[in-house]
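**Q** Mind looking at a prediction? Sequence and model below.
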Amino acid sequence: MIVADPEHIAQYTARGWWGTRTLDDHFREGVARHPEREAVADAPNRAAFTDGAPRRLSWGALGDEVARFAAVLRALGLQRDDVLVVQLANSIEQYVVYLAALRLGVVVSPVPVQYREFELRHVLAVATPAAVVTSARVLRHAAAAMWCALAEECRAAGARAPRVLAFGGEAGEGAARPQGAVSLDEAIAAHQGPFVHEQAEGLTANDVATLCWTSGTEAAPKGVPRSHNEWLIVAPSIIEAAELPPGARLLNPFPLVNMAGWSTCVAAWLRLGGTVVQHHPFDLPVFLRQLREERIDYTVAPPAILNQMLREPALLEGIDFQRLSCIGSGSAPLSEWMVCGFADRGVQIVNYFGSNEGAALTGSPRDIADPALRARYFARAGVGQPFSTISTAAKIRTRLVEPDSGEEIGEPGRAGELRVAGPTLFAGYWRAPELTAKAFDEQGFYKSGDLFEIAGERQQFYRFVGRCKDIVVRGGMKISAEEVEAQLLGHPAVADAAVVATPDATLGERVCACIVPRAGHHPTLADLVEYLRDERRLAVYKLPETLLLLDALPRNPVGKVLKRELRDLAAARTAPTSTR
C-alpha cells in the first residue's frame, strides 16, 4: 500500500534520499553479515510486567524466529496491506512480530500498553485491523481478555472484528489466556515449516510500514502512516548526532510505539547492525543497572530523569561514561544546568525535537558545542544554510509562520509556528482527509503546531518557545508554558514541573505552576517566584500566581504531560495569590 505522493516519490528518489531497500532488506542483510552478534535482549525484570523469562537473541536466532513467525501469521490469514495492531510491553516479541509483519507487507500498528477500551475503540474504528497481537498479561492488566471483549463488541455492532492473537497465559503465569484468543506460543511450536525467508512479492520501500498514533494530549489520537523510506531517512539524525559506531549497543526505555522508539531502536538499529537492550516499564534502579552491566553506547531519557540522576551523584557510580558518552533527550525543554552538568562529566546530551508526523530538529554536539546553548537551541535546518552537519537537515525545508496572520517570519526574536516539508514527512493522516488538509499549508509544509524563534549571532539556531495552544494569555500578553517550565526545573526543590493557565475574570488567565517537589522539600509560591524573578530574571508578567503541589504529573503513555487534566485540576484546587 503506497500513500505517498507520486511526485514526491520521483523527486526524493532522483535525489537519492529515498531508495529501494525495505526495512526487511536491511534486517536480512544484518542476519547474513553478523549472525552471532547479539541483536536484542529482554529487561532482567521481565517477569514483573509480562509472561516468560528474560531472553537474549543473536541476529541469527532472531532471523530464525522472524522467519517462523512470518509463516505463522500467513497461516493465520494475514496478508499484504492488512493492518496488525500490536500491544506488547517492550520485549523480544516486539521485534519478532514487527519484523515478521514487515516481511509480509502487513502494516504494523503499535499502540501503547496503557491504552484501554476508550482509546482502543477509536483505533479499531479508524484502522479496522485484521488482527491484534498482545499478551495475556501486560503489567497487571489482562490485555488479551480486554481485546477479546472489544472484538465481540465489533461483531455485535456489525463491524470488522480483529482476530486476537496472544502470547503467554499458561497456568501459573498470571492472567489466563481467554478462550477467544489464539495462542501464539502454541501456534509457533506447532508450525514446523516451511518458514518465510523472503519478503512479499512486489513490496517496495514506498509501501506503508507502520501506522503509529499521535500522542493525543488534546484530542483523539490520529493515525500516522509511515513508509520504509520515511523511517530509514530519519536514522542518520540519530547515528550522526550521537556519533554511534557500527554494532552499537542501545538501551531502549521508551515505548516502542512511535517516532522516539522506532527511529532509534528500529531504523537506526538496522542501519548500525547493533543491539537493543529493552527496558519496561521505566524503573530507575533497573535502568541504572542496565547502564552499568550492558556495555551501553547510547540511550535516551526524559529530562526529569536526567535531572534526578545528576542531582544524586551516587546514582551515576559504576557507569562507563567513556563508552556512554552521549545521551539523547527531548519531549520537554532541557535545563541548562543539567546539560552542562553532564558535559562536565564528559557526557554530551543531544537535544531532540520531533513528532510522529516527521518534523524533526536536532541540537547535537557536532553543531552546538557549547552545552549551555544546546540546552536551549536546535540547529536551524532547512533554510539553505549549512547550520547543521546532520545529513537529514539538508534534505528538509523549514519556515516560521505567525499563526494568526500567516505572515512568514525571517527575523530573530519573533515566535512563529514551525512548518516543515521534505522526505521525512508523512503523507497524511490515515483515512482522515479533513484532518490532513488542516495539517498542511498552501505551500505543502506540515504545520507542526510548535512555536520557535530564530536565534544566534548568525541566525543559526531555532529556539523552542512552546506549543501554539500551550500558552497562557494574561492581560493580552502571551506566555509560553514551556519557557517557564524550563526555568522552574532548575530550582533545587523541584523534581518536575508543568505550567498551565487558570481562568481569571480580570486578566483572562493567570499562570499556575504545577510542581512535583523533590523528596524532603516543600517549595512555596514565594520561593519559586523569587527564584524565577531574581535568579533567572524572568519577566514579571510570566511569574506564577498560583501553585499546585502534586505527587506526580499526569502523563500519557509516551510521557507527555496531560495539560488538559492539569488545567481542570488547577482550576478546581487553586486560587490566585499575589506574590509580585
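**A** Okay, I see it.

**Q** only C-alpha atoms for contact and neighbour calcs from this point on.
**A** Will do.

**Q** ok, the spatially most central residue of the chain - contacts?
**A** Computing the C-alpha centroid of the chain and ranking residues by CA atoms, centre = their mean puts Ala260 first, at 3.1 Å. Contacts of Ala260 were listed using CA atoms under 8 Å, 6 or more residues apart in numbering, and they are 254, 354.

**Q** Does it belong to a helix, a strand or coil?
**A** Secondary structure, DSSP: H, G, I helix; E, B strand; the rest coil: Ala260 is helix.

**Q** pLDDT at it, what is it?
**A** On pLDDT, Ala260 comes in at 88.

**Q** likewise Ala67?
**A** pLDDT for Ala67: 97.

**Q** same thing with Thr577?
**A** pLDDT, Thr577: 49.

**Q** Next: Gln487.
**A** 90.

**Q** now swap in the one 3 residues further on and tell me
**A** What the model reports as pLDDT for Gly490 is 91.

**Q** residues near it, how many?
**A** Counted with other CA atoms under 10 Å, residues neighbouring Gly490 total 21.

**Q** Help me confirm that it comes into contact with Ser335.
**A** Yes - assessed by CA atoms under 8 Å, Gly490 is found in contact with Ser335 at 6.3 Å.

**Q** The helix or strand where Leu57 lies packs against which elements?
**A** Secondary structure from DSSP states H and E places Leu57 in strand 56-58. Secondary-structure packing of strand 56-58 (3 or more CA pairs under 8 Å, 6 or more residues apart in numbering; DSSP states H and E): strand 38-41.

**Q** Okay, now the unreliable bits of the protein?
**A** Where the chain drops to pLDDT under 70, the residues are 170-174, 215-219, 469, 476, 478, 574-580.

**Q** is it true that Val277 touches Ala41?
**A** Yes - if you go by CA under 8 Å, Val277 and Ala41 touch, sitting 4.8 Å apart.

**Q** Of these two, which one has the most company?
**A** Using other CA under 10 Å, the more surrounded residue of Val277 and Ala41 is Val277, with 26 against 20.

**Q** Quick check: phi and psi on that one?
**A** phi -100, psi 120 (degrees, to the nearest 10).

**Q** Relative to the whole chain's centre, how far out is stretch 557-570?
**A** 17 Å (CA atoms, centre = their mean, to the nearest Å).

**Q** Check stretch 184-202 too.
**A** Distance of stretch 184-202 from the chain centroid (CA atoms, centre = their mean) equals 30 Å.

**Q** Check the separation of the first and last residues in that stretch.
**A** This stretch, stretch 184-202, spans 28 Å end to end (CA to CA, to the nearest Å).

**Q** Next, Arg419: secondary structure please.
**A** Arg419 is classified as strand under three-state DSSP.

**Q** does it really touch Thr398, like I thought?
**A** Yes - counting by CA under 8 Å, Thr398 is a contact partner of Arg419 at 5.5 Å.

**Q** Show me the common contact partners of those two, please.
**A** Shared contacts of Arg419 and Thr398 (CA under 8 Å, 6+ apart): Phe445.

**Q** These two: who's more crowded?
**A** Arg419 (24 against 20).

**Q** Could you find the closest non-adjacent residue to the more buried one?
**A** Lys447 (4.8 Å; CA to CA, 6 or more residues apart in numbering).

**Q** again with Ala242
**A** Closest residue to Ala242 apart from its sequence neighbours, by CA to CA, 6+ apart: Cys326 at 5.9 Å.

**Q** Can you give me the neighbour number for that neighbour?
**A** Neighbours around Cys326, by other CA under 10 Å: 25.

**Q** what do you get for Ala75?
**A** A count of nearby residues for Ala75, using other CA under 10 Å, gives 12.

**Q** And Gly422, by the same measure?
**A** So Gly422, with other CA under 10 Å, has 22 neighbours.

**Q** looking at it, it is touching Lys395, isn't it?
**A** Yes - at 6.4 Å, Gly422 and Lys395 qualify as touching, with contact defined as CA under 8 Å.

**Q** just the strands in the stretch 101-250 of the chain please.
**A** 107-110, 131-135, 163-167, 182-183, 208-213, 223-227, 249-252 (DSSP state E, counting those that start in this stretch).

**Q** closest one to Leu566 among those?
**A** Comparing these by their distance to Leu566 (CA to CA), the top pick is strand 208-213, with 22.4 Å.

**Q** Which strands and helices lie in contact with that closest one?
**A** strand 107-110, strand 223-227.

**Q** who touches that strand?
**A** With CA under 8 Å, 6+ apart, strand 208-213 has contacts from 1-3, 102, 105-111, 221-228, 257-258, 356, 430.

**Q** give me that answer again for 6 Å
**A** Residues from elsewhere that reach strand 208-213, judged by CA atoms under 6 Å, 6 or more residues apart in numbering: 1-2, 107-109, 221-228, 258.

**Q** Stretch 408-423 now?
**A** Under CA under 6 Å, 6+ apart, the answer for stretch 408-423 is 396-402, 445-448, 450-455.

**Q** Try it again at 7 Å.
**A** 12, 230, 359, 395-403, 444-455, 459, 465 (CA atoms under 7 Å, 6 or more residues apart in numbering).

**Q** before we move on, what about stretch 430-442?
**A** In contact with stretch 430-442 (CA under 7 Å, 6+ apart) are residues 223-225, 428-429, 446-447.
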